[in-house]
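Chemist: need a 3D model of the sequence below.
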Amino acid sequence: MENEEYQEFEAWWKAQWPMSAPHRISIEMYERWKEEEDKARKED
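Modeler: Down below sits the predicted model:
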């Protein structure tokens with residue numbers, strides 16, 4: 001899962017929860033974020 005999109009998500013995660021360790025990121029969170037991103041891109 002080490003791709004550009006994931007790194008973008010990781011950066012977003014760190015912005016949301018700077019005190020939270022990246023290893024706590026769940027696949028579920030990533031999937032949810034990806035859905036939101038896809039929606040946002042379609043609306044543009």
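
Chemist: could you list every helix and strand in contact with the top helix by length along the chain?
Modeler: In the chain, assigned by DSSP state H, the helix with the most residues is helix 27-43. When contacts are defined as 3 or more Cβ pairs under 8 Å, 6 or more residues apart in numbering; DSSP states H and E, helix 27-43 packs onto helix 4-16. In this view, the C-beta of every residue, glycine as well, is placed from N, C-alpha and C.

Chemist: show me which residues of the helix it packs on are buried.
Modeler: Neighbour counts over helix 4-16 (16 or more other Cβ atoms under 10 Å) mark Phe9, Trp13 as buried.

Chemist: what's the angle between that helix and helix 27-43?
Modeler: Counting by axes from the mean of the first three to the mean of the last three Cα atoms, to 10 degrees, helix 4-16 points 100 degrees away from the direction of helix 27-43.

Chemist: enumerate the positions of the longest helix of the chain that are buried.
Modeler: Tyr30, Trp33.

Chemist: what's the offset of that helix from the middle of its chain?
Modeler: With Cα atoms, centre = their mean, to the nearest Å as the basis, helix 27-43 stands 8 Å off its chain's centre.

Chemist: which ones are touching Met29?
Modeler: By Cβ atoms under 8 Å, 6 or more residues apart in numbering, the contact list for Met29 reads Trp13.
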